[in-house]
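A.B. asks: quick one: sequence plus predicted model below, questions after.
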Amino acid sequence: MATLTGTRGTTTFPVGGFGEASNLKVAWGSYTFAVNPTAADIVRPCWVPKNARVLGGYIQGADIDTGTEELDMDVGWLANGVEAADPDGFGNFDVITGDAVTGVKPEVGIYFNLGGVLYTTGPQKFSEDTCLSVTVNVDAHGGGTGILTLVAFYVIDY
């Protein structure tokens, strides 16, 4: 198990997003898998600031699993001192396929909308700066290398 941190996911990277509550803001970060990730790896792509209310977002990237897909990743957040960690709070995506889908995703690659709590309890508010996370449950069958980007849309909600 390893913690894999993208440039925008470091604790020293400035957390953006201050301004009027109704202004839509974006947190995003990428991580490039140079080798196949292993089960229990945690990717820290980016942070959202204190009082962020995440409205939606997505993960996208290269089709990093070739052959018979078995790459299984979840998207959530790490504990922030107030809210508990929820590794699949924004999506338990099961096996990630990079296959093209007619009328939805015309190119080969990963693209999944964030869901989880957004579908069950609505937009997720964070009381402190919070690191968003991608947890690897099962490594890729083949390949396992390429870039993955997490994008989260939020507003500041005092």
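C.D. replies: Noted; the coordinates are in hand. Quantities reported herein were computed from a predicted structural model and do not represent experimental measurements. Numbers count the residues shown, from 1 in each chain.

A.B. asks: CA only for contacts and neighbour counts going forward, please
C.D. replies: Noted.

A.B. asks: what ranges of the chain fall below the confidence cut-off?
C.D. replies: 16-21 (pLDDT under 70).

A.B. asks: how does it look with 80?
C.D. replies: Within the chain, the segments meeting pLDDT under 80 span 8, 13-22, 158.

A.B. asks: ranges for the helices of it?
C.D. replies: Chain-ordered helices for the chain, with DSSP state H as the definition, fall at 117-120.

A.B. asks: show me where it has its strands.
C.D. replies: For the chain, the strands defined by DSSP state E occupy 3-5, 25-33, 42-48, 52-61, 72-77, 86-95, 110-113, 124-125, 130-138, 146-156.

A.B. asks: tell me which of those strands sits most buried.
C.D. replies: Stretch with highest mean neighbour count among the strands of the chain: strand 42-48 (a mean of 26; mean count of other Cα atoms under 10 Å).

A.B. asks: and that one with strand 130-138, angle?
C.D. replies: Angle of strand 42-48 versus strand 130-138, following axes from the mean of the first three to the mean of the last three Cα atoms, to 10 degrees, is 160 degrees.

A.B. asks: okay, now the sheet partners of strand 42-48, with direction.
C.D. replies: Applying DSSP bridges, strand 42-48 is found paired with strand 3-5 (parallel), strand 130-138 (antiparallel).

A.B. asks: possible to save the ones you listed as a markdown table with distance to residue 40?
C.D. replies: Listed next are those as a markdown table, based on distance: least, Cα to Cα, whole Å:
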| stretch | distance to residue 40 |
| --- | --- |
| strand 3-5 | 9 |
| strand 130-138 | 5 |
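
A.B. asks: of all those strands, which one comes closest to residue 64?
C.D. replies: Among the strands paired with strand 42-48, strand 130-138 comes nearest to residue 64, with 12.6 Å by Cα to Cα.

A.B. asks: and the angle from that closest one to strand 86-95?
C.D. replies: 40 degrees.
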